[in-house]
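*Asks:* Here is my input, please return the structure:
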Amino acid sequence: MSIIIHPFISDQRFNWYRRGGALKNAFFRIMDNNEEIFDIKSALILSAQSYFKLLRVEIVISSHDLIIKEVYRLRFFKENFLHLTGVNTDLKKKDFFDKCLIGTINENDYKFGPYNDRKTVKRKLKQLLNVGNFFDAAIFVQENFVKNKIICNIATCDGKCTIGFVDNKVYLRPKTILSNNHLDQNKPIYLIKPKKHKL
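*Replies:* Residues are numbered from 1 along each chain as shown. As a prediction, the model looks like this:
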């Protein structure tokens with residue numbers, strides 16, 4: 001049975017703590033001319049710290065209502081973080097994540113590509129800032145997710161952010177992260193509470 005549910009909108013605000021105990025507010029200041037100030041470097045650091053919560057964690061999405069598979073097992077790896085940010089770097093993927101995590105990343109370590117400009121990277125990072133809490137509550141799930149040229153085995157959505165996953169042997173790994181709800185309203189959408197297991 002398919003459960004079709006319209007996305008919900010949450011106005012809950014989240015704060016992230018930088019290492020050393022200093023409080024970092026994840027909302028962004030607005031200048032007098034309404035131009036948003038967004039610090040890419042700080043967002044990379046905070047996103048890595050949020051992403052770190054999902055490392056060595058198995059996320060299980062299961063339901064008898066799912067059509068293609070009843071169980072999907074998801075994993076987040078260090079190597080996937082770079083792609084989700086949208087920036088380019090000459091660093092190895094793991095090294096990039098580690099430098100972001102401990103806060104030693106600098107502006108010379110990354111650059112913007114022809115397909116991911118600063119605006120695109122900013123949109124991605126705004127979603128990554130809270131990715132560590134994404135699977136704490138029930139989420140919307142869709143199999144065979146397709147968005148433009150993006151094809152994923154499944155996509156998950158909390159109403160504000162959509163994360164697509166693709167095969168990686170035993171587990172599915174994150175392929176894309178998008179602002180807002182991009183699930184196809186003409187295809188089945190399931191509301192499922194994920195299970196998280198530490199590895």
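*Asks:* so where do the strands sit in this protein?
*Replies:* For the chain, applying DSSP state E gives strands covering 15-17, 23-25, 57-62, 71-74, 139-147, 150-157, 161-168, 171-179, 190-192, 195-198.
*Asks:* and the last one, average pLDDT?
*Replies:* Pointing back at strand 195-198 there. When pLDDT is averaged along strand 195-198, the result is 96.
*Asks:* rewinding a little: so which of the strands of the chain is nearest Phe112?
*Replies:* Phe112 lies closest to strand 171-179 among the strands of the chain, at 16.7 Å (CB to CB). Placement of C-beta: from N, CA and C, glycine included.
*Asks:* How far does the closest one sit from its chain's centre?
*Replies:* Put simply, strand 171-179 sits 7 Å off its chain's centre (CA atoms, centre = their mean, to the nearest Å).
*Asks:* Skip the chain neighbours and tell me the closest residue to Cys100.
*Replies:* In space, and not counting its chain neighbours, Cys100 is closest to Ala48: 3.6 Å by CB to CB, 6 or more residues apart in numbering.
*Asks:* Figure out which of the strands of the chain is closest to Gly103.
*Replies:* Between Gly103 and these, the tightest spacing by CB to CB is seen for strand 23-25, at 10.9 Å.
*Asks:* pLDDT averaged over the closest one - what is it?
*Replies:* Strand 23-25 carries an average pLDDT of 38.
*Asks:* where along the protein do the helices fall?
*Replies:* For the chain, the helices defined by DSSP state H cover 40-51, 78-85, 93-102, 118-128.
*Asks:* Around Pro194, how many other residues sit close by?
*Replies:* Pro194: 18 surrounding residues under other CB atoms under 10 Å.
*Asks:* on that earlier part again, how about the strands of the chain in TSV, adding distance to Asn133 and mean neighbour count?
*Replies:* Putting these into TSV (distance: least, CB to CB, whole Å; neighbours: other CB atoms under 10 Å) gives the following:
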stretch	distance to Asn133	mean neighbour count
strand 15-17	10	12
strand 23-25	15	10
strand 57-62	12	17
strand 71-74	15	18
strand 139-147	11	19
strand 150-157	13	20
strand 161-168	11	20
strand 171-179	14	19
strand 190-192	17	18
strand 195-198	11	10
